[in-house]
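Asker: Need a 3D model of the sequence below.
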Amino acid sequence: MPPVLVRTPLVDQAITRLGEQIAAGRWEVGARLPAEPLLAQDLGVGRSTIREAVRVLAHSGLLEVRQGAGTFVRARSVPGELAVRLQRAGSLEVYEVRRALEVEAAVLAARRRTAADLAAIDGALDRRRTARFAGERAAFLAADLAFHQAVVIAAHNPLLSELYTGAMARIARAIADVMADTALTEDTSGLHDDLAEAVRAQDPQAAAAAVRLHLEGTHRGLADLVGR
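Answerer: Numbers count the residues shown, from 1 in each chain. Okay, the predicted model is just below:
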């Protein structure tokens with residue numbers, strides 16, 4: 001019996017395990033993968049985890065999902081270029097979730113922000129700006145995450161904050177991957193400034209627009225690169 005996956009995030013581990021099994025020849029190119037419940041049992045994860053892993057692998061070109069027929073192997077190995085596509089496909093999924101959460105958070109933050117919220121947003125933005133000019137990658141990523149989380153907190157919706165906090169590890173990894181991808185390099189500092197100013201001015205429409213411009217630009221770039 002294969003070892004059970006116990007660390008989070010399980011989806012990433014399921015993606016890696018399935019990719020390794022395909023590369024090792026467990027299923028030949030053109031072969032149909034076992035049904036979702038069997039794969040979930042084999043890896044010791046839930047069906048939703050398998051479903052997401054298969055979706056990402058399909059975006060990368062390793063698998064093909066045929067409606068009503070099942071999931072089939074398209075390629076046996078994951079060469080360097082395909083591995084990059086896989087990483088980008090995973091980031092694409094995260095940016096779709098970010099867009100859903102952060103646009104609404106920006107609207108609510110513009111309506112509900114307090115003086116303490118503005119101080120937290122400004123402080124994170126200042127740290128982000130300082131780290132950017134100093135070329136301190138780790139500090140920049142930490143400040144960028146703190147900025148977006150501060151906007152979510154300013155929405156004063158406990159459930160929204162809980163959902164965002166639960167996704168923070170995946171969001172951080174996706175941002176780091178995008179930052180390291182030269183094909184996606186783009187300075188969005190101005191849009192961060194615009195978002196902070198819109199929240200300060202209590203302008204929900206401008207706040208939502210700033211988030212959309214920031215996230216949708218990266219989302220489009222990722223979608224183009226993975227051929228979605």
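Asker: Check which helix or strand the residue nearest the centre of the chain maps to.
Answerer: By C-alpha atoms, centre = their mean, the chain has its centre lying nearest to V94, at 2.1 Å. Counting by DSSP states H and E, the element that carries V94 is helix 80-112.
Asker: Show the low-confidence segments of the chain, by residue range.
Answerer: Along the chain, the model assigns pLDDT under 70 to residues 1-9, 60, 76-89, 181-186, 223-228.
Asker: all strands in it, in order from the N-terminus.
Answerer: In the chain, the strands defined using DSSP state E lie at 63-66, 70-73.
Asker: sorry, back to before: run through the residues that contact the residue nearest to the centre of the chain.
Answerer: Going by C-beta atoms under 8 Å, 6 or more residues apart in numbering, V94 touches A167, R170, I171, R173, A174. All C-beta atoms are positioned from the backbone trio N, CA, C, and that covers glycine.
Asker: Make JSON lines from these and add distance to A139 to it.
Answerer: Formatted as JSON lines, the contacts of V94 follow (distance: C-beta to C-beta, whole Å):
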{"residue": "A167", "distance to A139": "22"}
{"residue": "R170", "distance to A139": "21"}
{"residue": "I171", "distance to A139": "17"}
{"residue": "R173", "distance to A139": "17"}
{"residue": "A174", "distance to A139": "18"}
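Asker: And those, which two are furthest apart?
Answerer: A167 and R173 (10.5 Å; C-beta to C-beta).
Asker: one step back: most tightly surrounded among the strands of the chain?
Answerer: With neighbours defined as mean count of other C-beta atoms under 10 Å, the strands of the chain peak in mean count at strand 70-73, which reaches a mean of 18.
Asker: now for that strand, which elements pack on it?
Answerer: strand 63-66 (3 or more C-beta pairs under 8 Å, 6 or more residues apart in numbering; DSSP states H and E).
Asker: Report the strands that pair with the strand it packs on, each with its relative direction.
Answerer: strand 70-73 (antiparallel) (DSSP bridges).
Asker: And the strand it pairs with, how far out from the chain middle?
Answerer: 25 Å (C-alpha atoms, centre = their mean, to the nearest Å).
Asker: With stretch 171-191 instead?
Answerer: Distance, stretch centre to chain centre, for stretch 171-191: 11 Å (C-alpha atoms, centre = their mean).
Asker: now G70: how far from E96?
Answerer: Using C-beta to C-beta, to the nearest Å, G70 is found at 25 Å from E96.
Asker: try A210
Answerer: Look at A210 and E96: by C-beta to C-beta, they are 18 Å apart.
Asker: Check G44 too.
Answerer: Separation of G44 from E96 (C-beta to C-beta) stands at 27 Å.
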